[in-house]
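> give me a model of this one.
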Amino acid sequence: MLLERRRSVVIMGVLNRTPDSFSDGGRFENEQTALAQIDAMLSEGADMIDIGAESTRPGAQPVPDGEQLARIGGSVRDAARRGAVVSIDTTSPVVAARALDDGAAVVNTISLGSAAELGALCARRGASLVLMHSRGPMSAMAGFSAYSDDGYGDVVADVAREWSSAAARALDAGLPEGELVLDPGLGFAKNARQSLELCARLDELCALGFPVLVGPSRKSFLARAAASERGAAGERGAAGDAALAPPSERLGGTVAAALACAARGAAAVRVHDVGPVRQALDVMRAIERAGAGGRRRPVAPLTAGARGDD
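Okay, here's the model as predicted:
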């Protein structure tokens with residue numbers, strides 16, 4: 001309903017209740033700091049709050065259900081009581097079910113393998129499912145934006161095919177088609193070039209007919225893209241990685257990717273820095289409206305004298 005009634009791109013603010021997430025691990029482990037971050041993101045214009053307790057950085061090991069629930073604490077209830085649309089970021093049906101009990105309305109999973117089980121859960125509970133494309137567990141990921149160029153024939157076509165297969169399992173489990181959201185999984189089992197191509201051709205994924213959510217926030221492919229444009233770093237290598245901007249210095253790249261994806265049809269963006277992204281999307285929308293409603297007159301070319309070149 002939120003996506004259908006949106007006037008602009010929906011912003012999903014990230015709350016990591018983890019000690020080891022790649023960009024903000026440990027910052028929001030206690031209840032007080034987590035609640036303050038929820039309030040801050042809502043005040044900055046977040047439409048949704050995505051709460052997770054299991055790191056998705058490369059090499060991260062699975063976190064047991066009980067530990068995830070202990071880390072989450074009362075955050076789902078706190079956000080729901082404030083009127084937020086709450087999403088639970090987990091691959092675990094047990095954790096997802098508890099979060100739905102506490103007021104979450106969306107399950108956000110990074111695993112295509114859990115599509116059927118989570119699809120059935122969401123169908124029973126009247127929740128929505130964000131299904132993200134990836135390949136294999138996080139523990140098997142080699143590194144940030146580390147994936148073979150030969151890993152995909154056509155990255156957009158391959159992502160669409162693999163995601164659609166998992167989506168079919170969720171729908172067969174009873175999930176209504178209108179409750180399913182596509183996330184192409186930028187940076188997950190994809191190198192920088194592949195993630196950039198997904199952004200550039202996002203309209204092709206939107207054509208599948210499902211709302212598309214993208215999560216470019218602070219990811220390494222942004223730093224690699226910027227460094228490559230400056231000639232400062234290659235695609236791989238320890239020396240190149242050392243030259244990359246750290247996650248805390250990737251706001252400009254996050255905003256650029258969010259705008260590019262919004263222009264190509266993204267329905268929602270998942271970000272850590274809600275305020276700057278909200279402002280950028282609002283200004284983009286204002287510019288589009290001004291162009292659509294403005295009075296247009298032909299612009300006469302300048303004469304030689306007017307240019308000052310006579």
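> burial of residue 81, as a residue count?
13 (other C-beta atoms under 10 Å). Glycine gets a C-beta too; all of them are placed from N, C-alpha and C.
> from residue 41, how far out is it?
Per C-beta to C-beta, to the nearest Å, residue 81 is found 15 Å from residue 41.
> now do residue 174
In terms of C-beta to C-beta, residue 174 sits 32 Å off from residue 41.
> for the spatially most central residue of the chain, give me its contacts.
In the chain, the C-alpha nearest the mean C-alpha coordinate belongs to residue 215, at 1.8 Å (C-alpha atoms, centre = their mean). Listed by C-beta atoms under 8 Å, 6 or more residues apart in numbering, the contact partners of residue 215 are 132, 183, 185, 186, 187, 269, 270, 271.
> how close does it get to residue 51?
14 Å.
> same deal with residue 14?
Relative to residue 51, residue 14 is positioned 9 Å away (C-beta to C-beta).
> neighbour count for these two, which is higher?
Neighbour tally, residue 14 and residue 51, criterion other C-beta under 10 Å: the higher count belongs to residue 51, 29 against 26.
> which residues does the more buried one bridge with?
residue 15, residue 88 (DSSP bridges).
> of residue 174 and residue 41, which one has the most company?
Legend: neighbour count by other C-beta under 10 Å for residue 174 and residue 41, higher for residue 41 (27 against 13).
> can you list the buried residues in stretch 156-167?
156, 159, 160, 162, 163, 166, 167 (16 or more other C-beta atoms under 10 Å).
> residues making contact with that stretch?
Stretch 156-167 is contacted from outside by 112-113, 115, 131, 133, 135, 152, 180, 182, 184-185, 197-198, 201, 204-205, 208, 210, using C-beta under 8 Å, 6+ apart.
> mean confidence score for that stretch?
Averaging pLDDT along stretch 156-167 gives 98.
> do stretch 257-271 as well
97.
> out of the contacts of stretch 156-167, which are buried?
Buried among the contacts of stretch 156-167 (16+ other C-beta under 10 Å): 112, 115, 131, 133, 135, 152, 180, 182, 184-185, 197-198, 201, 204-205, 210.
> what's the lowest-pLDDT member of these?
Among the buried ones among the contacts of stretch 156-167, residue 135 has the lowest pLDDT, at 92.
> I'd assumed residue 152 was in contact with it.
No: using C-beta atoms under 8 Å, residue 135 makes no contact with residue 152, being 9.7 Å away.
> quick check: closest non-adjacent residue to residue 47.
Counting by C-beta to C-beta, 6 or more residues apart in numbering, residue 47 lies nearest to residue 10, which is 4.6 Å off, once chain neighbours are set aside.
> can you report how many residues lie near the one you found?
Other residues within reach of residue 10, judged by other C-beta under 10 Å, total 22.
> so what's it bridging to?
If you apply DSSP bridges, the partners that residue 10 bridges to are residue 268.
> that one and residue 266 touch, don't they?
No: Residue 10 is not in contact with residue 266 according to C-beta under 8 Å; the separation is 9.1 Å.
> give me the pLDDT for residue 306.
On pLDDT, residue 306 comes in at 58.
> what segments of the stretch 101-250 of the chain are strands?
106-109, 128-132, 180-183, 213-214 (DSSP state E, counting those that start in this stretch).
> show me what contacts the closest residue to residue 72 other than its chain neighbours?
Leaving aside its chain neighbours, residue 72 sits nearest to residue 53 (4.9 Å; criterion: C-beta to C-beta, 6+ apart). By C-beta under 8 Å, 6+ apart, the contact list for residue 53 reads 16, 17, 18, 63, 67, 68, 69, 71, 72, 90, 95.
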